[in-house]
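Asker: let me see the structure of the following:
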Amino acid sequence: MTLRQNWGEDRAYFLDESGELACIPARWTDAVAPDPVVAVSGGRSAFRLEDLVALTRWVATFPQERTDAP
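Answerer: Numbering: from 1, shown residues only. Sure thing, here's the model as predicted:
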């Protein structure tokens with residue numbers, strides 16, 4: 001397998017079962033390091049969507065501070 005930049009992304013080139021040259025996005029393989037955010041999160045989140053929506057609604061109730069004062 002060979003890795004090359006092509007079509008704006010890293011591609012993995014290999015010979016398929018019939019001996020023809022084929023390629024796929026390198027991120028679909030284990031030839032490149034995983035995205036750090038994906039690796040650290042492991043598919044988990046510290047917050048539930050319902051809690052984040054509730055927090056957003058709560059923060060929206062706060063009075064707005066004026067930033068145009070000298």
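
Asker: how close does the residue lying closest to residue 6 once chain neighbours are set aside sit to residue 1?
Answerer: The spatially closest residue to residue 6, leaving aside those adjacent along the chain, is residue 23, at 7.4 Å (Cβ to Cβ, 6 or more residues apart in numbering). Every C-beta, even on glycine, is put in place using the N, C-alpha and C of the backbone. Remark: distance between residue 23 and residue 1 (Cβ to Cβ, to the nearest Å) = 10 Å.

Asker: before we move on, back to that, wasn't the residue nearest to residue 6 part of a strand?
Answerer: Yes - under DSSP: H, G, I helix; E, B strand; the rest coil, residue 23 sits within a strand.

Asker: measure it to residue 33 for me?
Answerer: Spatial separation of residue 23 from residue 33 under the definition Cβ to Cβ is 19 Å.

Asker: what do you get for residue 25?
Answerer: Here the distance between residue 25 and residue 33 works out to 14 Å (Cβ to Cβ).
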